[in-house]
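Undergrad: Below: sequence and its predicted model.
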Amino acid sequence: MTGAGGARFEPDRLDDQAYLVEGDPSGMLRTVASSAAEVRTAYRAAVESGLARIGRDGRPRAIVVAGMGASGLAGEVLEALCRYGAPGPVVTVRGYRLPGWVGAADLVVAVSRSGTTEETVAVTAEAVRRGCGLVGVGAPDTPLAALVARAGGPYVPVGGVAGRPEATLWSLMVPPILAAAAFGLVSVDEDEFESVARRLEDLAHRCRPSSESFINPGKTLAMELAGTVPVVWGTSPMAAVAAHLLAARLGAYAGYPAIWGELPEAAHNQIGTFDGPLAGRDIFADPFADEPGGGPRLRLFLLRDVEEHPQVTRSRTAAVRMAEDRGVPVSEITADGVRPLERLAALAGLVDYATVYLALGYGIDPASVAVSTELRARISQ
Ligand SMILES: O=P(O)(O)OC[C@H]1O[C@](O)(CO)[C@@H](O)[C@@H]1O
């Protein structure tokens, strides 16, 4: 794709079965529908790679997850799981260098689906030089795999869609979680991953292409996103990962912008947008124009977790009222489920569908947004 500037969202496309096949030549909808299978495969691959054995060396001082883009989100998921209950810190590194304090007492989990992303390879090489414990997740026979082999760490091979690292998150995030579980930092078992898989299967059924827009939650969310400037807030650390995922997927699949944040922090800065130039009705818009509005306007998307701090609940409720008072529409999506990973699955699965449908509604092939590949090529020359 060389640019889709000016593309129009056409809701009818979402119920046009022939278009949903032709407009998605890489089968992104099929890839998203296979998320449940991916969770099960990732679990087995992680177990077979011997990840559980790393726990025998004793608990590391900290776990550092290194990854870029969607691979970095695997670190955020682990951070969210560990934030309040784990006896040690989890840090995500997105960049070329490890923090100065990281050393032999720490475990670095390097995540790169391609196994070639230069930032992640650089951080992994630094981890080898510093004598850190090392786990790798990514494509086999790659620079990343070679570095992890040199350090003698376990490597969890990841397949998936070539050139589409962000197509599914689960194969990237399951191994770091199991690495943390090996040290007792989190408590997860096969049952929990199985209930995640079942939840994703249920979503795949409800969001399937043949299910009409008015009952399909993926298509509904896509229609609510279309033509807006999305402000996406999560109401817990895990819901905030889903908010970040939504913003990331919008950019990657639909070339669409969004801002995201986590309550309570987002209420300290992003709430300013409710009184800004993109909020509410456009008073200068031509009332006789074919298209009302005069440009995209703000819409608040609240990704809610059933486990919220009581003050966050108050902040959320007040923010919804304040948005509505100012003419900013609000969409609220609540993640249900007993365990945090189930709730993440409820939100992340919906996000994956909605962002693919949004791209298709704009007539964009969700696997064709290649500008990040162009940037990679330019900086590697
Ligand atoms: O998982 P990888 O292969 O390291 O890629 C990291 C990120 O870089 C990108 O390929 C973009 O450059 C994203 O698609 C991806 O999320």
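TA: Received it, and whenever you're ready, just let me know what you need.

Undergrad: From here on, just use CA atoms for contacts and neighbour counts.
TA: Noted.

Undergrad: Count the neighbours of residue 13 for me.
TA: 17 (other Cα atoms under 10 Å).

Undergrad: residue contacts, it?
TA: Residues near residue 13 by Cα atoms under 8 Å, 6 or more residues apart in numbering: 19, 20, 360, 361.

Undergrad: Recalculate using a threshold of 6 Å.
TA: residue 361 (Cα atoms under 6 Å, 6 or more residues apart in numbering).

Undergrad: Residue 107 versus that one, what's the distance?
TA: Residue 13 is 47 Å from residue 107, where distance means Cα to Cα, to the nearest Å.

Undergrad: So what's the residue count around whichever residue of the stretch 201-350 of the chain sits closest to the ligand?
TA: Scanning the stretch 201-350 of the chain for proximity to the ligand using Cα to the nearest ligand atom identifies residue 252 as nearest, at 7.1 Å. Neighbour count of residue 252, defined by other Cα under 10 Å: 26.

Undergrad: CA atoms of whichever strand or helix holds it as PDB?
TA: Using DSSP states H and E, residue 252 maps to helix 237-254. The C-alpha coordinates for helix 237-254 follow below in PDB (Å, rounded to 0.1, in the frame of the first residue of the first chain):
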ATOM      1  CA  PRO A 237      -3.100  -2.700  34.000                       C
ATOM      2  CA  MET A 238      -4.400  -5.600  31.900                       C
ATOM      3  CA  ALA A 239      -7.100  -3.600  30.300                       C
ATOM      4  CA  ALA A 240      -4.500  -0.900  29.500                       C
ATOM      5  CA  VAL A 241      -2.500  -3.500  27.600                       C
ATOM      6  CA  ALA A 242      -5.700  -4.100  25.500                       C
ATOM      7  CA  ALA A 243      -6.000  -0.300  25.000                       C
ATOM      8  CA  HIS A 244      -2.400  -0.200  23.800                       C
ATOM      9  CA  LEU A 245      -3.100  -3.200  21.600                       C
ATOM     10  CA  LEU A 246      -6.100  -1.500  20.100                       C
ATOM     11  CA  ALA A 247      -4.000   1.600  19.200                       C
ATOM     12  CA  ALA A 248      -1.200  -0.600  17.900                       C
ATOM     13  CA  ARG A 249      -3.500  -2.700  15.700                       C
ATOM     14  CA  LEU A 250      -5.300   0.400  14.400                       C
ATOM     15  CA  GLY A 251      -2.000   1.700  13.100                       C
ATOM     16  CA  ALA A 252      -0.700  -1.700  11.900                       C
ATOM     17  CA  TYR A 253      -3.800  -3.000  10.200                       C
ATOM     18  CA  ALA A 254      -5.800   0.100   9.100                       C
END
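
Undergrad: elements contacting the following helix or strand past that helix?
TA: Per DSSP H and E, the first helix or strand lying C-terminal to helix 237-254 is strand 259-262. Judged by 3 or more Cα pairs under 6 Å, 6 or more residues apart in numbering; DSSP states H and E, strand 259-262 is in contact with strand 228-234, helix 237-254.

Undergrad: now the residue nearest in space to the middle of the chain: how far from residue 253?
TA: Among the residues of the chain, residue 245 comes closest to the average C-alpha position under Cα atoms, centre = their mean, at 2.8 Å. In this structure, residue 245 and residue 253 are 11 Å apart, going by Cα to Cα.

Undergrad: before we move on, what about residue 152?
TA: Using Cα to Cα, residue 152 is found at 36 Å from residue 253.

Undergrad: So which of these two has more stuff around it?
TA: A side-by-side neighbour count of residue 152 and residue 253, using other Cα under 10 Å, places residue 253 first with 25 against 13.

Undergrad: How about the contacts made by that one?
TA: Residue 253 makes contact with residue 366, according to Cα under 6 Å, 6+ apart.

Undergrad: Over to the one 3 residues further on?
TA: By Cα under 6 Å, 6+ apart, the contact list for residue 256 reads residue 250.

Undergrad: Look at it and report its pLDDT.
TA: Here, the pLDDT recorded for residue 256 equals 95.
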